[in-house]
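Chemist: Turn this into a structure:
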Amino acid sequence: MRGALVAGVSALALVAASCAQFPDARPAESWQEKPRLTPEAGPKPHVEGDPENGPRAGGQPGRTSASVQPPQGCKDFDPAVIGTCLEPVTAVATLGETTALAADRSGRVVRVEKDRDPVEIARIPVDMTGDGGLTGLALSPNYAEDELIYAYVTTATDNRVVRFARNDTAKPVLTGIPKGGSGNRGALASDRRGNLLVATGDAGDAAAAGDPNSLAGKVLRVDTSGKPAKDNPNANSPVLASGLHAPAGLCTDREGKASWVTDRAQDRDLLFQVRPGKLATPAWNWPDRPGVGGCAAGAGVISVAMERSAALANLFLNPDGTFKGKPQLTEQNRYGRLSAADIAPDGTYAFFGTMNKAGGQPVSSDDRVVAIPINKAGAANGKD
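Modeler: The predicted structure is shown next:
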């Protein structure tokens, strides 16, 4: 592979999240002649000290974070950075090993690629009042054939899922998700079985999350046309599970065996494994409310982006699906406030967006999309 994308990682802050609480262990069960947006081969991120990733191009070893030159304008010298000078990133969708889509609340969707300027591919009309806007992205389960992209957006009348192709008008897929003065944020992911998962906020009405007749505060499962998935608990309803407040991330492992959703409740942040029914018992909870964001489900680890804590929380899984102790924090304060996430094609790393212009301490190249290894994060790297 050429142009190695190096995710030099040293002095990883493996700080246990001491404020987190672990409940009883439970098993683990989104121009002219148009270039095609197809998955592309390319270099993989490099973890310093990881022999599997090998040396950087030219035989140079992976750089430590201390040796990375500060950014100059939109040019960022950190080898893990693939997109710069963006608006705060609310959604990410992986296209290939060095390319991704990134979106912000205004409805702008751009294609980012290492060492290239972002290219706008769509601008979707949205209503940004409250916490609304464009907050979720997912590729079509048949993306290689149809090149369709799905987005979760807020309009003047509702929250909805739309789909679009490059430089085309977005078309509604699932409408009528309640809109409120808050709780409009949502997330999208594939269930890896041909369907879409949709996490919806409670639209500022906590009671709506428990109402089976409302689409608010739910995890929905629909096919690519917006109809309820065939194996839903109720064949006539898109509702898979209920009980969300303000979901921030949704992810599924590559085998399609388990899906996870992050949520910002009123008194704590939560991580649930998605099972049909009510999301009653969280897999993990954070009473200190670090600002959970997107998640990525790797091999034996769930990585959760954190905005307020400006870190990545890694929760390692035992073979039976229980967690190995407490979450370990990595990348703390290296890229600032981490937000959206999506796993890369081989499952060993994920693309994460940042939201430093929205309450953080931005550098000249913010906001950014970065590629961070996940299945070798934390203790698996032996870093301390």
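Chemist: Report pLDDT for the closest residue to Gly256 other than its chain neighbours.
Modeler: Nearest non-adjacent residue to Gly256, counting by Cβ to Cβ, 6 or more residues apart in numbering: Arg192, 3.2 Å away. The C-beta positions use only the backbone N, C-alpha and C, and glycine is treated the same way. Looking at Arg192, its pLDDT stands at 94.
Chemist: Please apply the same query to the one 10 residues further on.
Modeler: At Asp202 the predicted local confidence, pLDDT, stands at 97.
Chemist: wait, what's in contact with it?
Modeler: The contact partners of Asp202, by Cβ atoms under 8 Å, 6 or more residues apart in numbering, come to 180, 183, 208-209, 216-217, 244-246.
Chemist: Could you grab the helix/strand/coil label for the residue nearest to Gly256?
Modeler: coil (DSSP: H, G, I helix; E, B strand; the rest coil).
Chemist: Likewise for Ala207?
Modeler: Relying on three-state DSSP, one would call Ala207 helix.
Chemist: burial count for it?
Modeler: 10 (other Cβ atoms under 10 Å).
Chemist: same thing with Ala296?
Modeler: Using other Cβ under 10 Å, Ala296 is surrounded by 30 other residues.
Chemist: for Glu145, same thing?
Modeler: By other Cβ under 10 Å, the burial measure for Glu145, its neighbour count, is 8.
Chemist: And for the one 4 residues further on?
Modeler: Here the count is done by other Cβ under 10 Å, and Ile149 has 27 residues near it.
Chemist: How much space separates it from Ile124?
Modeler: 10 Å (Cβ to Cβ, to the nearest Å).
Chemist: what touches both of the two?
Modeler: Contacts common to Ile149 and Ile124, judged by Cβ under 8 Å, 6+ apart, are 109, 164.
Chemist: Okay, and Ala216 sits in which element?
Modeler: If you go by DSSP states H and E, Ala216 is not part of any helix or strand.
Chemist: Check Val110 too.
Modeler: strand 108-113.
Chemist: helices and strands around that strand, which ones?
Modeler: strand 81-83, strand 99-103, strand 119-123, strand 134-139 (3 or more Cβ pairs under 8 Å, 6 or more residues apart in numbering; DSSP states H and E).
Chemist: closest one to Asp366 among those strands?
Modeler: Checking these against Asp366 by Cβ to Cβ gives strand 81-83 as the closest, at 10.1 Å.
Chemist: List of residues touching the helix or strand that the closest one is followed by?
Modeler: Downstream of strand 81-83, the next assigned helix or strand under DSSP H and E is strand 91-94. Residues outside strand 91-94 that contact it (Cβ under 8 Å, 6+ apart): 30, 100-103, 134-139, 149, 151-152, 187-188, 294, 340-345, 350-353, 369.
Chemist: Spatially central residue in the protein, please.
Modeler: Residue closest to the average C-alpha location in the chain (Cα atoms, centre = their mean): Ala341, at 2.2 Å.
Chemist: And the pLDDT for Ala340?
Modeler: Predicted confidence (pLDDT) for Ala340: 97.
Chemist: what separates the residue nearest to Gly256 from Val239, distance-wise?
Modeler: In terms of Cβ to Cβ, Arg192 sits 20 Å off from Val239.
Chemist: Of those two, which one has the most company?
Modeler: Neighbours per residue (other Cβ under 10 Å) separate Arg192 from Val239, with Val239 holding more: 23 against 17.
Chemist: which residues sit in contact with that one?
Modeler: Applying Cβ under 8 Å, 6+ apart, we find Val239 in contact with 212, 215, 218-220, 232-233.
Chemist: try 6 Å
Modeler: Shown in contact with Val239 (Cβ atoms under 6 Å, 6 or more residues apart in numbering): Lys218.
Chemist: Would you confirm that Ala209 contacts Val219?
Modeler: No - if you go by Cβ atoms under 6 Å, Ala209 and Val219 don't touch, sitting 10.7 Å apart.
Chemist: so Trp260 is in which element?
Modeler: Assigned by DSSP H and E, Trp260 falls in strand 259-264.
Chemist: Which strands or helices does that strand pack on?
Modeler: Counting contacts by 3 or more Cβ pairs under 6 Å, 6 or more residues apart in numbering; DSSP states H and E, strand 259-264 packs against strand 247-252, strand 269-273, strand 292-298.
Chemist: CSV for those strands, including mean pLDDT and distance to Met306?
Modeler: Compiled in CSV, those are given as follows (pLDDT from 0 to 100; distance: least, Cβ to Cβ, whole Å):
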stretch, mean pLDDT, distance to Met306
strand 247-252, 97, 10
strand 269-273, 97, 8
strand 292-298, 96, 6
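Chemist: Most tightly packed of those?
Modeler: With neighbours taken as mean count of other Cβ atoms under 10 Å, the helices and strands packed on strand 259-264 reach their highest mean count in strand 292-298, at a mean of 28.
Chemist: circling back: strand partners of the strand holding Val110, parallel vs antiparallel please.
Modeler: strand 99-103 (antiparallel), strand 119-123 (antiparallel) (DSSP bridges).
Chemist: ok, of the contacts of Asp202, which one's closest to Asp76?
Modeler: Out of the contacts of Asp202, the member with the shortest distance to Asp76 (by Cβ to Cβ) is Ala246, at 30.5 Å.
Chemist: Could you check how far the residue lying closest to that closest one once chain neighbours are set aside is from Pro373?
Modeler: Spatial nearest neighbour of Ala246, chain neighbours left out: Arg264 (4.3 Å); criterion: Cβ to Cβ, 6+ apart. Per Cβ to Cβ, Arg264 is found 26 Å from Pro373.
Chemist: Kindly report the same for Ala170.
Modeler: Relative to Pro373, Ala170 is positioned 33 Å away (Cβ to Cβ).
Chemist: rewinding a little: regarding the residue nearest to the centre of the chain, what is its secondary structure?
Modeler: Secondary structure, three-state DSSP: Ala341 is strand.
Chemist: so how far is Ile372 from it?
Modeler: Distance, Ala341 to Ile372, by Cβ to Cβ: 9 Å.
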